[in-house]
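Visitor: only geometry, no sequence info:
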Ligand code: C2E
Ligand code: CA
Ligand code: CA
Ligand code: CA
């Protein structure tokens, strides 16, 4: 630390200790979070960039601990991945999202985030089949969102699992594109329906950052030539919407169109109102 006072060790040690302690406490709490009904899903609208009509929702996980309150998935999902707790939590997410979406009047798509570790389990394809069978949700309405990290370790296993899932008719999208260690090889080996362009590029493009604009243009061109859609993530303003639409993104998602909604509010958007 700059103000030498108690010395470097005193300045840093308590913080490191807190972080480790917090992680330990959260990890223990995570183990029983699902069975204690502390988890729920929110649903964020995904809309067509041109017509602004709803095409579906992305299911986003929320954890409310009775004592610690709301904990962000940006914090607990990586922890669950490291503690090998993401598989049971992810199965609950998949089952819940499918059951909910199966009740909607309108055939909106439901996108579910899947961690790399879940795809390194050969039984995962079976869980997907089970979630579809139990809920009655047509496979075409389910979309799984995976990130590039899936192809990093045990990539061959993940590709085999993804192939089985694709053969059921489930769609696949590539999340957070451009933020990880990109290799374009798997884009030709795996049948993605869409590429999701990270909010950082959307923000940059609307601020006029040349590189961000060039990257979105290139991703859109690549996706088009491979027959894939492109979803711009984290669109917060009209200017950002106009920019990504002009750059050719086919779908948009973000606070400008809707925040992640509680299930009842999401359901209202996909309820057919007869006689209106
Ligand atoms: P993600 O998959 O990239 O999800 C998009 C994140 O951006 C969500 O954060 C969403 O609430 C947020 N977002 C949406 N629109 C806007 C916007 O206009 N502006 C800004 N600033 N943010 C926006 P959230 O819900 O906190 O989730 C964070 C991450 O946690 C997700 O990023 C995903 O990686 C992970 N996650 C969430 N739910 C699940 C899940 O069920 N399973 C797994 N494995 N991961 C999940
Ligand atoms: Ca996602
Ligand atoms: Ca994303
Ligand atoms: Ca993300």
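Guide: Thanks, I have the structure now. All of these numbers come straight from a predicted model, not from anything done at the bench. Ligands and ions are numbered 1, 2, ... in the order given.

Visitor: which ones are touching the closest residue to ligand 2 within the stretch 151-276 of the chain?
Guide: Of the residues in the stretch 151-276 of the chain, the one nearest ligand 2 is residue 175, at a distance of 4.3 Å by Cβ to the ion. Just so you know, the C-beta spots here come from the backbone N, C-alpha and C atoms, and that holds for glycine as well. Residue 175 makes contact with 113, 145-147, 196, according to Cβ atoms under 8 Å, 6 or more residues apart in numbering.

Visitor: host element of it?
Guide: According to DSSP states H and E, residue 175 maps onto strand 171-177.

Visitor: can you list the helices and strands that whichever helix or strand comes after that strand packs against?
Guide: Next helix or strand after strand 171-177 toward the C-terminus (DSSP H and E): helix 185-189. Secondary structure elements in contact with helix 185-189, counted by 3 or more Cβ pairs under 8 Å, 6 or more residues apart in numbering; DSSP states H and E, are helix 155-167.

Visitor: and the helix it packs on, how far from the chain's centre?
Guide: 18 Å (Cα atoms, centre = their mean, to the nearest Å).

Visitor: for stretch 73-90, same thing?
Guide: 13 Å.

Visitor: just the buried residues of it, please?
Guide: 76-77, 79-81, 85-87, 89-90 (16 or more other Cβ atoms under 10 Å).

Visitor: picking up where we left off before, direction included, what does the strand holding residue 175 pair up with?
Guide: strand 142-147 (parallel), strand 194-197 (parallel) (DSSP bridges).

Visitor: do I have it right that residue 180 meets residue 149?
Guide: Yes: counting by Cβ atoms under 8 Å, residue 149 is a contact partner of residue 180 at 5.7 Å.

Visitor: which strand residues bridge the residue of the stretch 151-276 of the chain closest to ligand 2?
Guide: residue 147.

Visitor: ok, residues contacting the helix or strand containing residue 216?
Guide: Residue 216 is located in helix 210-225, with elements delineated by DSSP H and E. Applying Cβ under 8 Å, 6+ apart, the external contacts of helix 210-225 come out as 177-178, 184, 187, 194-195, 197, 200-205, 229-230, 232, 244, 247-249.

Visitor: ok, back up a step: more crowded one of residue 180 and residue 149?
Guide: residue 149 (19 against 16; other Cβ atoms under 10 Å).

Visitor: any idea how far the more buried one is from residue 133?
Guide: 29 Å (Cβ to Cβ, to the nearest Å).

Visitor: does the helix or strand where residue 230 lies come close to ligand 2?
Guide: If you go by DSSP H and E, residue 230 is part of strand 229-232. No: Strand 229-232 stays clear of ligand 2 (Cβ under 5 Å from the ion), getting no nearer than 9.3 Å.
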